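>>> just to be clear, the model below is a prediction. Sequence and coordinates:
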Amino acid sequence: MICPRCGNEKEIAYSVLSNSLVCLERDCGFELETNPSEAHQILETEEELVCC
């Protein structure tokens with residue numbers, strides 16, 4: 001996933017503590033609140049979608 005704030009690719013992670021998607025780039029700090037099922041769908045890789 002590309003971060004909408006800083007534009008880095010594959011730097012977004014899901015935080016179970018805050019139930020949000022968080023950019024891992026040190027100087028960015030982007031955070032988007034979401035529910036766990038939505039986050040799982042967003043973060044699935046293309047290979048996982050093809051195999052399921």
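Thanks, I have it.
>>> can you give me the strands for the chain?
12-15, 20-23, 31-33 (DSSP state E).
>>> tell me the most buried of the ones you listed?
strand 20-23 (a mean of 19; mean count of other Cβ atoms under 10 Å). C-beta here means a position set from N, CA and C on the backbone, and glycine is covered the same way.
>>> chain center to that strand: distance?
Here strand 20-23 is found 5 Å from its chain centre; the criterion is Cα atoms, centre = their mean, to the nearest Å.
>>> who's in contact with the nearest residue to Glu33 once chain neighbours are set aside?
For Glu33, ignoring the flanking residues on the chain, the nearest one in space by Cβ to Cβ, 6 or more residues apart in numbering is Ser20 at 4.6 Å. Contacts here follow Cβ atoms under 8 Å, 6 or more residues apart in numbering; on that basis Ser20 touches Tyr14, Glu31, Leu32, Glu33, Thr34, Ala39.
>>> ok, 7 Å please
Going by Cβ atoms under 7 Å, 6 or more residues apart in numbering, Ser20 touches Glu31, Leu32, Glu33, Thr34.
>>> from Glu9, how far off is the first one?
Computed as Cβ to Cβ, to the nearest Å, the Glu31 to Glu9 distance reads 18 Å.
>>> what's the answer for the third one, then?
Using Cβ to Cβ, one gets 22 Å for the distance from Glu33 to Glu9.
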